[in-house]
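Engineer: predicted coordinates and the sequence they were generated for:
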Amino acid sequence: MASGNGSNFENIVKKLRNKVDIELFTENKNAYVIQRAEKLKVKTHIIDFKSFCRDEYDEKLYKFLKKQTPELVVLAGYMKILSPKIVDNFKIINIHPSLLPAFPGINSIKKAYNYGVKITGVTVHWVDRGVDTGKIIEQKSVTIEKDISLKNLEKKIHEIEHEIYPRILKKILGIT
Ligand code: GRF
């Protein structure tokens, strides 16, 4: 599930597509990730978030997931909060660009950078009913070097995401 750029999605597809079936879900019909999926010939499902009231959207998404019966729901830059019913009924994993519990929510790389922390990183965690509060599976730290630009820090964080997320997914799914 992804809402935007989709670099993690593309990386996961490239590294895991020979081993597992992957489909994309997005709630954002303008997301760049849709173009990535097209190029990669990955089936895309869209429920346009803006066309429904919140409860309707949540119910549609729940029914869609029920039908799909995914072994694992992988959030990769999915920007909406999942309903408790969805969280309680599916195995869901997320990647977050900070060392949780520090800097949950949005713009975490920038928040860590502006705060002036010396170490930040990436967290992969299970999804529970809270925002970025689920049980931590793995973390990797990144030193924020003096004088590094925000752009370069973002690059460093994304490189780590691209290394750890597929590796952890493979482990969880029991594939080599
Ligand atoms: C990543 O930084 C991920 O940690 C966060 O959203 C971002 C998605 O980036 N949850 P991309 O769309 O995969 O490029």
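Structural biologist: Now that the structure is in, tell me what you want to look at. Predicted, not measured: the structure shown is a model, and the values here were computed from it.

Engineer: phi first, then psi, for the closest residue to the ligand within the chain.
Structural biologist: Proximity of the chain to the ligand (Cβ to the nearest ligand atom) peaks at G77, 2.7 Å away. Glycine gets a C-beta too; all of them are placed from N, C-alpha and C. With angles defined as degrees, to the nearest 10, G77 sits at phi 80, psi 30.

Engineer: again, but for the one 4 residues further on
Structural biologist: With angles defined as degrees, to the nearest 10, I81 sits at phi -80, psi 130.

Engineer: contact partners for it?
Structural biologist: Contacts for I81 were tallied using Cβ atoms under 8 Å, 6 or more residues apart in numbering; they are V131.

Engineer: please report how far it lies from L61.
Structural biologist: Using Cβ to Cβ, to the nearest Å, I81 is found at 11 Å from L61.

Engineer: need the overlap of contacts for these two.
Structural biologist: When contacts are counted by Cβ under 8 Å, 6+ apart, the set common to I81 and L61 is empty.

Engineer: got the contact list for S83?
Structural biologist: Contact analysis of S83 by Cβ under 8 Å, 6+ apart lists 58, 61-62.

Engineer: by neighbours, which of the residues you listed wins?
Structural biologist: When neighbours are counted by other Cβ atoms under 10 Å, L61 leads the contacts of S83 with 22 neighbours.

Engineer: can you put the contacts of S83 in TSV and add secondary structure?
Structural biologist: TSV is the format used below for these (DSSP: H, G, I helix; E, B strand; the rest coil):
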residue	secondary structure
D58	helix
L61	helix
Y62	helix
